[in-house]
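A.B. asks: A structural model of the following input is requested.
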Amino acid sequence: MKILFLGETYRADAKTWIEGIETFSGAKIDTMEVPFSPKRWKRISLFLLFLVQLIRLRTQKSFDLVLAERATSYGFFSLLVKARVKVVAQQGITDAFPEEGFTGLYKRFFQRRVYKNVDLIHAWGHVMTYAMLESGAAPSKIMVLPKGINLQRYTFSEKHEFNSTPIGIVTRSLSDIYRHDIILQSLAILKEKGIEVKLRVVGDGVLMEDLKLLAKNLQISNQVMFLGRVDNDKLPVLLNDSDFYVAIPETEGVSASLFEAMAGGCFPIVTDLPSNRAFIRPGQNGLLVPSGDAQKLADAIELFLASRSKFTEYVRENRAYIESEVDFNKNMEIIWSRYQQLLK
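C.D. replies: Here you go, the predicted model:
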């Protein structure tokens, strides 16, 4: 069995997908990706070089199965690969983002082209299917199921005692869309009210130095721990030891990071978006806030801190939901079974 994965292999989402398919197929997956660069001109050059590599690969090798992340980038590249079955995963509520202007126009073109030509389209949740259908995807090609969380790795232990200084955690890459600046500003607002909160920032990205400078200017450097990328084995420990999880991106698909937080017993405070509303009941098993409003985020954190014991039962409910619906072993076995049907 020859399988090729096209995508950013450092991302937790990608690692989970690769691990699951390797486990159930027994095959070692080949991977290809565009190296990261913060410079736009260099990114374009690297994408063009990647295109040439794929064209050359097409003349040299064929695959049984190609898996690709994001219809508007690696999904489009997958069309150049010689493979019996092609599978693409939409990563956001739509992969044509931003939706306005020329960028939205050409990304929608790519998305339509990919969905017409691949054999299977992954939606990690129902909320992602609307953009797929609007882009002309055949309903029979859409598979709605999250990859799942490894429950042996993401263990759960109920917090009988809270941290004396509350600890929040954010696990998203340090880029503009995730609005880490708003999170830091909310901590400064709380500090002015005499409420000290520590924050673990897990992940790397182009904004690392800017965010460190912002924390310094807001005089909260001693409250913020920039941990960079951490090993997959360390992340569950950090989540289990944190009181709440915060993520306020401007747009979102079905977030594996949210599922990880729910599995690890972190109370979620996340953006009020359709994808999050599918899993969060505001004021019960989580809190929803606008993406760009530091004051509203500070208010939500303060509300959680004032009523931590009230939310304990809902934290247990979150874990139970993950065990029922987002179990890695169960879901990846179903996904691999679907691939096998397509390969027959």
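
A.B. asks: residues in contact with stretch 193-205?
C.D. replies: Residues outside stretch 193-205 that contact it (CB atoms under 8 Å, 6 or more residues apart in numbering): 163, 165-175, 180, 183-184, 187, 190, 211, 223-230, 235, 238, 242, 246, 301-302, 305. For the C-beta atoms, the positions are set from N, CA and C on the backbone; glycine is no exception.

A.B. asks: any of these buried? List them.
C.D. replies: Among those, those classed as buried by 16 or more other CB atoms under 10 Å are 166-174, 180, 183-184, 187, 190, 211, 223-224, 226, 235, 238, 242, 246, 301-302, 305.

A.B. asks: just the ones in strands from those, please.
C.D. replies: Under the assignment DSSP state E, these contribute 167-170, 224, 226, 246 to strands.

A.B. asks: closest to F24 out of the residues you listed?
C.D. replies: Proximity of those to F24 (CB to CB) peaks at I169, which lies at 30.6 Å.

A.B. asks: check contacts around that closest one.
C.D. replies: I169 touches 199-200, 202, 238-239, 242, 244-246, 261, 266, counting by CB under 8 Å, 6+ apart.

A.B. asks: now those residues: which count as buried?
C.D. replies: Counted by 16+ other CB under 10 Å, the contacts of I169 give 199-200, 202, 238-239, 242, 244-246, 261, 266 as buried.

A.B. asks: tell me the one of the residues you listed nearest K330?
C.D. replies: Among those, and counting by CB to CB, the member closest to K330 is A261, at 19.9 Å.

A.B. asks: now that closest one. Nearest residue, chain neighbours left out?
C.D. replies: Y245 (3.5 Å; CB to CB, 6 or more residues apart in numbering).

A.B. asks: residues touching the one you found, list them.
C.D. replies: Y245 neighbours (CB under 8 Å, 6+ apart): 168-171, 239, 257-258, 261, 266-270.

A.B. asks: distance to T129 and pLDDT added to the residues you listed, as a markdown table?
C.D. replies: Converted to a markdown table, the contacts of Y245 look like this (distance: CB to CB, whole Å; pLDDT from 0 to 100):
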| residue | distance to T129 | pLDDT |
| --- | --- | --- |
| G168 | 32 | 97 |
| I169 | 30 | 98 |
| V170 | 28 | 98 |
| T171 | 26 | 96 |
| L239 | 29 | 95 |
| S257 | 21 | 93 |
| L258 | 18 | 95 |
| A261 | 24 | 96 |
| C266 | 28 | 95 |
| F267 | 28 | 96 |
| P268 | 23 | 98 |
| I269 | 26 | 98 |
| V270 | 21 | 98 |
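
A.B. asks: that older thread, quick check: beta-bridge partners of the residue nearest to A261?
C.D. replies: When bridges are called by DSSP bridges, Y245 pairs up with I169, P268.

A.B. asks: give me the pLDDT for it.
C.D. replies: Per-residue confidence at Y245 stands at 98 (pLDDT).

A.B. asks: in the protein, which helix is the longest?
C.D. replies: helix 40-60 (DSSP state H).

A.B. asks: show me what whatever helix or strand comes next after that helix is packed up against.
C.D. replies: Using DSSP states H and E, the helix or strand that follows helix 40-60 towards the C-terminus is strand 63-69. Under the contact definition 3 or more CB pairs under 8 Å, 6 or more residues apart in numbering; DSSP states H and E, strand 63-69 sits against strand 3-6, helix 12-25, helix 76-78, strand 83-89, helix 328-343.
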